[in-house]
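**Student:** Just the structure for this:
(2 chains)
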Amino acid sequence: MESSTRKYAAIVAAGSALALTLSACAGSTPEPSGPVDIGFWSWVGGVDAPTEIWNGENPDIQVTHETVAYGDVWTKARAAIGAGEAPCLVAAARTDVPQLVSEGLLEDVTEFAAGYEGDYLPFAWSDTAVAGHSYGVPWDSGPATYFYRSDVFEAAGVEPPAGYDDLIPAAQAVEASSPGSKIFWLPADAVQDFANYAEQAGASWFTVDGDTWKVDMTDDATLQVAELFQQLIQEGLVSTKLTGDPSIANDVQSGALAALARGSWMNGQIASWDAENPGRWAATLPPTWSNGSTYNSGGSALLVTKGCENPEQALEYAHWLTTSNDSLELLGTPEGGGIYPAGVEALNAPVFAQASEFFGGQVLGEVFAESAKSVKVGDDWNWPPVWADLAGGIADDYAAAVNGDGDIASVMAKAEELAVQLMQDRGINAELAD
Amino acid sequence: MSRTTEVGGVPAIPAETRPSPVPPARRRRGGARIPLLFLAPFLLLYAIVYLIPTLFSIGQSLFASRSSGLGIAPPETVFVGLENYLRALAAPELWSAFGNVLVFGLIQVPLMLAIALLLALALDSIAARAGGVFKLIYFLPYAIPGVVAALLWGYLYQPQLSPAAAILGQLGIPVDFLAPQLVVFSMANIVTWAWTGYNTLLMLSALQSVPRELFEAARIDGASEWRIAFAIKVPLIRGMLLLSTILSIIGTIQLFNEPQVLKIITSNVSATYSPIMLTFTAAFRSGDTGYAAALSVIIAVVAGVLAIGFYYGARRRQS
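**Tutor:** Reported below is the predicted structural model:
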């Protein structure tokens, strides 16, 4: 009896304390209470310049950006969040968002972020949210682009493949006119790429059903992609070199790799690898399936960390950095970081309207924007909270299959079992879809 | 022929019972305090950088984080006892990783130590002036950071870029240094290249502390230089050889840089190739710190058991 009274008293006390805090908050919001400091970690050194502009224009929201290497940023952030000393904003690869959420590292900012949703491309926005909860805003995107050697295609008398049905005939024609020349790159270490291709075909590997993840990595769309790639591999029409293989640069120069579908971010790399031969590379949309959709190949998000005291102001800055012309003018240049935005209007920023000398005078920004607008998938695509582990767990089997030992379809059958197991091991509800 | 007979002459009476101008109790107390004072900086650092992290890791290895539902709510950290250890010991990739470094060590360690010993013997017998230059040359690879060395060798192994493969190819011997059966030798080569000079210097310093009169005497008795090297020098630096071997065994268990870098250019090295890579993956890819801590403890125990086992095994053979 006594203990329940005491408990009741405690609840009342806690409740009134909470009410006091809330009213204190409500009272302080309208009147400016001194400048707010926002910390921000990303791997793009070019962010310093626009941040200086922001700080000049917004004395109330002062942002301090620190450049941390891509591979280290979350190792460092995990420790800092645990110690309560993390910056409010930290950049992350889009595929890592659900795992970071499941580790309890991010702040649910749905109420502050909701107003910004319409300013971003839907496929990029969906990557910053898990099951309807938002954790930040998209930073950049990587609309898929087909980079190709126009001279090699001309010599073979074929156009770059517009649909995947055209891919094998085009590859055969190029092989016939320039032996050893490949027009598709399927890196054996890039499980991520295969996920992108499956998404493009309309697959939906991980869906949320109430309180449970449903996993289906062997649907018709996935198998269709697997079958096409299997055929390319069998006929030796594809380069399977690893993404980090230094000899890819030689292949791009020599014509052994005469075309590749990658994210927009690949353009600078190709231009530097083949710098001595300007004018022979061109960019166009990647091949598509019957749904006519392109896809997003890469991109990252600006996320609000757990315990951030000023999420509203942090997002205000993040929104400005990722969508305003003042910011993109600096970030969009190669020296500024070569960021390609994920904002709808941002795609038309003047900085992306310049003709590229290396790409024969083409305005690459137009191709990228068209690709970004042609992404019809992704709104309902989710990365699971175990994506890094899953991709790592099937990496050896996938590499073997791509190198001609085994087949991709059975790797995916194994992968979906593994995905369920990885999630269940962590206490997350997951099962195979029927 | 134990050592106790050699000290003969000195009476075997404990120091405390011998008559002494200083009262025994006071001497003992002062004797304990002063060394402790001198040791304090070391002990403090030892505790901060070694003991506390070790205990922290062991503690961490007993916990796991558990999510629920869709994994949106922050996970709970729960005490799981030895579950992380049982999971690690039941994981086939841990045993295959230990298998990989075992094969690696059996090939690499004896080869490297043999080369280092030959170089040390050669350096010991040439004039001191020329020795300095050679010492520097042998030691240089060790001064190059392991990751940089692995990157450099990666370029020399990549089939299309490798000058060595190009020359061998033109001689009609096509070689792929990154082929599944060959890649372990390619990694062993990098480690040997980096660490032979280091071991040479260790052995050389031991050789140079051997009294020169012994060689004079042997020469007068008509021993050849080979005989002197293998019948006198090598047995006298056995202690250093033992140390080199133990350090190399521990280094092999901790293999990381070389496979981690070569994995970027070939599919024939997996992300779980060595035990440390497995730990790295658990900690930084899966964010599973408890499991990573358990793996670290297991690796430390295995390395410790191997090193101590080798030490006692070698000492028993010696006596």
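**Student:** In chain B, what residue comes closest to chain A?
**Tutor:** For chain B, the residue closest to chain A is B:P74, as judged by C-beta to the nearest C-beta, at 3.0 Å. From N, CA and C alone the C-beta is placed, and that goes for glycine too.
**Student:** residue contacts, that residue?
**Tutor:** Residues in contact with B:P74 (C-beta atoms under 8 Å, 6 or more residues apart in numbering or on different chains) are A:G104, A:K306.
**Student:** In a strand, it, correct?
**Tutor:** No. When the secondary structure is assigned by DSSP: H, G, I helix; E, B strand; the rest coil, B:P74 falls in coil instead of a strand.
**Student:** and the gap between the closest residue to A:P50 other than its chain neighbours and chain B?
**Tutor:** Using C-beta to C-beta, 6 or more residues apart in numbering or on different chains and skipping the chain neighbours, the partner closest in space to A:P50 is A:S327 (4.0 Å). Spatial separation of A:S327 from chain B under the definition C-beta to the nearest C-beta, to the nearest Å is 31 Å.
**Student:** Next secondary structure after the one helix or strand A:S327 maps to?
**Tutor:** Assigning secondary structure by DSSP states H and E places A:S327 in helix A:325-331. Heading C-terminal from helix A:325-331, the first helix or strand you meet, by DSSP H and E, is helix A:364-373.
**Student:** Tell me the helix or strand right after that next one.
**Tutor:** Towards the C-terminus, the helix or strand next in line after helix A:364-373, according to DSSP H and E, is helix A:387-393.
**Student:** buried set for that following helix?
**Tutor:** For helix A:387-393, burial by neighbour count (16 or more other C-beta atoms under 10 Å in any protein chain shown) applies to A:W387, A:A388, A:D389, A:L390, A:A391, A:G392, A:G393.
**Student:** just those residues that are near chain B?
**Tutor:** Of the entries in the buried residues of helix A:387-393, the ones placed beside chain B under the rule of C-beta under 8 Å from any C-beta of the partner chain are A:A388, A:D389, A:G392.
**Student:** residue in the stretch 101-250 of chain A nearest to chain B?
**Tutor:** Of the residues in the stretch 101-250 of chain A, the one nearest chain B is A:G104, at a distance of 3.0 Å by C-beta to the nearest C-beta.
**Student:** What ranges does the stretch 151-300 of chain B have for its helices?
**Tutor:** Taking DSSP state H, counting those that start in this stretch as the criterion, the stretch 151-300 of chain B contains helices spanning B:163-170, B:183-208, B:213-220, B:225-228, B:234-236, B:238-253, B:257-262, B:275-284, B:289-318.
**Student:** any idea of the angle the second one forms with helix B:238-253?
**Tutor:** For helix B:183-208 against helix B:238-253, the angle by axes from the mean of the first three to the mean of the last three C-alpha atoms, to 10 degrees is 150 degrees.
**Student:** Please apply the same query to the longest one.
**Tutor:** Taking the same axes, to 10 degrees, helix B:289-318 and helix B:238-253 form an angle of 150 degrees between their directions.
**Student:** Sketch out the low-pLDDT regions of the stretch 1-150 of chain B for me.
**Tutor:** B:1-31, B:127-129 (pLDDT under 70).
**Student:** Helices of that one, start to end?
**Tutor:** Taking DSSP H, counting those that start in this stretch, the helices of the stretch 1-150 of chain B run over residues B:3-6, B:24-46, B:52-60, B:83-90, B:92-125, B:128-143, B:146-157.
**Student:** State which strand of chain A is the longest.
**Tutor:** In chain A, taking DSSP state E as the definition, the longest strand is strand A:136-149.
**Student:** Give me every residue in the stretch 51-200 of chain B lying close to chain A.
**Tutor:** B:65-75, B:154-155, B:158-161.
**Student:** re the thing from before, after the longest strand of chain A, heading C-terminal, what element do we hit next?
**Tutor:** Past strand A:136-149, the next helix or strand by DSSP H and E is helix A:150-156.
**Student:** helices and strands around whichever helix or strand comes after that following helix, which ones?
**Tutor:** Where DSSP H and E defines the elements, the next helix or strand beyond helix A:150-156 is helix A:167-177. The contact analysis (3 or more C-beta pairs under 8 Å, 6 or more residues apart in numbering or on different chains; DSSP states H and E) places helix A:167-177 against helix A:150-156, helix A:220-234.
**Student:** Now the shortest one: buried residues?
**Tutor:** In terms of neighbour count (16+ other C-beta under 10 Å), helix A:150-156 has its buried residues at A:S150, A:D151, A:V152, A:F153, A:A155, A:A156.
**Student:** Tell me where the stretch 51-200 of chain A has helices.
**Tutor:** In the stretch 51-200 of chain A, the segments counted as helices under DSSP H, counting those that start in this stretch are A:73-82, A:97-102, A:110-113, A:122-126, A:150-156, A:167-177, A:191-200.
**Student:** now what about the third one, what contacts it?
**Tutor:** The reference is to helix A:110-113. In this structure, residues lying in contact with helix A:110-113 by C-beta under 8 Å, 6+ apart are A:T128, A:A129, A:G132, A:H133, A:S134, A:Y135, A:G136, A:V137, A:P311, A:E312, A:L315.
**Student:** Narrow the residues you listed to those that are buried.
**Tutor:** With burial judged by 16+ other C-beta under 10 Å, the buried subset of the contacts of helix A:110-113 is A:T128, A:A129, A:S134, A:Y135, A:G136, A:V137, A:P311, A:L315.
**Student:** Pick out the most distant pair among these.
**Tutor:** Comparing all pairs in those by C-beta to C-beta, the longest separation belongs to A:A129 and A:P311, at 14.6 Å.
**Student:** Mind listing what's buried along stretch B:71-88?
**Tutor:** Residues B:G71, B:I72, B:P75, B:V80, B:E83, B:N84, B:Y85, B:R87, B:A88 are the ones in stretch B:71-88 that count as buried (16+ other C-beta under 10 Å).
**Student:** got these as TSV, with distance to A:L302 columns?
**Tutor:** Shown next, in TSV, are the buried residues of stretch B:71-88 (distance: C-beta to C-beta, whole Å):
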residue	distance to A:L302
B:G71	21
B:I72	19
B:P75	23
B:V80	35
B:E83	37
B:N84	34
B:Y85	39
B:R87	35
B:A88	36
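**Student:** farthest pair in the residues you listed?
**Tutor:** Of all pairs drawn from the buried residues of stretch B:71-88, the one with the largest separation by C-beta to C-beta is B:I72 and B:Y85; the distance is 29.7 Å.
**Student:** Report the contact partners of the closest residue to A:A346 other than its chain neighbours.
**Tutor:** Here the nearest residue to A:A346 in space, its sequence neighbours aside, is A:T323; by C-beta to C-beta, 6+ apart that works out to 5.0 Å. By C-beta under 8 Å, 6+ apart, the contact set of A:T323 is A:D119, A:Y120, A:P341, A:G343, A:E345, A:A346.
**Student:** Report pLDDT for A:T323.
**Tutor:** According to the model's per-residue confidence, A:T323 sits at a pLDDT of 96.
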